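**Student:** Predicted model follows, preceded by the sequence.
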Amino acid sequence: MSTVIKFDNVTIFQDERPVIGNLNLEINKGEFVYLLGKTGSGKSSLLKTIYADLPLVAGSATIAGYSLNNLKRKDIPYLRRKLGIVFQDFQLLGDRNLYNNLKFVMKATGWDDENKIKARIHEVFKKVGLEGKEQKMPHELSGGEQQRVSIARALVNEPEIILADEATGNLDPETSEEILKLLKEISESGSSVLFATHDMLVYQKFKARTLVCENGELKDKQV
């Protein structure tokens, strides 16, 4: 099993205040892992540390082959190409169709061959069950479909890790379950998924390894 996320004796800070201490963690390729915790418990700070939005100041960590300890600013985009991030509020660009939403991200991460861009967009839309909807505008879709687009966008660079931050927070229970199933399938095809949520209804649908942020610690509950 190859390890894609590894933390050794890390303390994670938010605004110079420690939010998670003594963090030791390994997540392997293709694992689906829940990250649970109340608002303010450190979930988002952990995710921000993984995608190098918060600097690592205590301990050592390696994410998708990149050491966070000596990560240069110019290398952050290369790290982020190995990550796919799915947010609660979709963050789609409302002034362009779905195809161009994905193309925008791909251009920003170094894709320049139009034929390869087109083929990859078709491939990820098929994977998330939105085949044929590439020309739609975001406002023409339901919330669940918009979140599928944001998952497609997260997949375009074939990431080693998907970080889902409250990805079902704006969705009804049935749609939330569909999105969770999709992310489970993605983990089974090789990308690790770290699914941060405080939605216990979603969590109880599918059992998986669970990390819990509480009292300044991250506890690992294996299933």
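**Tutor:** That came through fine.
**Student:** residues of the helix or strand hosting Gln204 that come out buried?
**Tutor:** Secondary structure assigned from DSSP states H and E places Gln204 in helix 200-205. With burial defined by 16 or more other Cβ atoms under 10 Å, the residues of helix 200-205 counted as buried are 202-203. All C-beta atoms are positioned from the backbone trio N, CA, C, and that covers glycine.
**Student:** helices or strands next to it in the packing?
**Tutor:** helix 173-188 (3 or more Cβ pairs under 8 Å, 6 or more residues apart in numbering; DSSP states H and E).
**Student:** Now the element after the lowest-mean-pLDDT helix or strand in the chain, going C-ward?
**Tutor:** Taking mean pLDDT, DSSP states H and E as the measure, the helices and strands of the chain show their lowest mean at helix 200-205, namely a mean of 80. For helix 200-205, the following helix or strand on the C-terminal side (DSSP H and E) is strand 209-214.
**Student:** still on that earlier bit, I would like the residues contacting the least confident helix or strand of the chain, please.
**Tutor:** Counting by Cβ atoms under 8 Å, 6 or more residues apart in numbering, helix 200-205 makes contact with 34, 36, 168, 173, 176-177, 180, 197, 210, all of which sit outside it.
**Student:** repeat that with 6 Å
**Tutor:** 34, 168, 173, 176-177, 180 (Cβ atoms under 6 Å, 6 or more residues apart in numbering).
**Student:** what residues are up against the spatially most central residue of the chain?
**Tutor:** When Cα atoms, centre = their mean is applied to the chain, the residue found nearest the centroid is Leu163 (1.6 Å). Shown in contact with Leu163 (Cβ under 6 Å, 6+ apart): 47, 85, 194.
**Student:** ok, back up a step: mind checking how far the least confident helix or strand of the chain is from the chain centre?
**Tutor:** Relative to its parent chain, helix 200-205 has a centroid offset of 18 Å by Cα atoms, centre = their mean, to the nearest Å.
**Student:** Count residues in the vicinity of the closest residue to Lys221 other than its chain neighbours, would you?
**Tutor:** The shortest distance from Lys221 to any residue that is not its chain neighbour, by Cβ to Cβ, 6 or more residues apart in numbering, is 4.5 Å, and that residue is Thr210. One way to gauge burial is a neighbour count; for Thr210, by other Cβ atoms under 10 Å, it gives 16.
**Student:** Can you give me the distance of Thr210 to Asn97?
**Tutor:** In this structure, Thr210 and Asn97 are 38 Å apart, going by Cβ to Cβ, to the nearest Å.
**Student:** And stretch 11-24, end to end?
**Tutor:** Across its full length, stretch 11-24 reaches 10 Å end to end, with Cα to Cα, to the nearest Å as the criterion.
**Student:** which parts of that stretch are buried?
**Tutor:** Along stretch 11-24, these residues count as buried under the neighbour rule (16+ other Cβ under 10 Å): 12-14, 19-21, 23.
**Student:** Give me the residues contacting it.
**Tutor:** Contacts of stretch 11-24 with the rest of the structure, by Cβ under 6 Å, 6+ apart, involve 7, 10, 42, 45-46, 49, 58, 216, 218.
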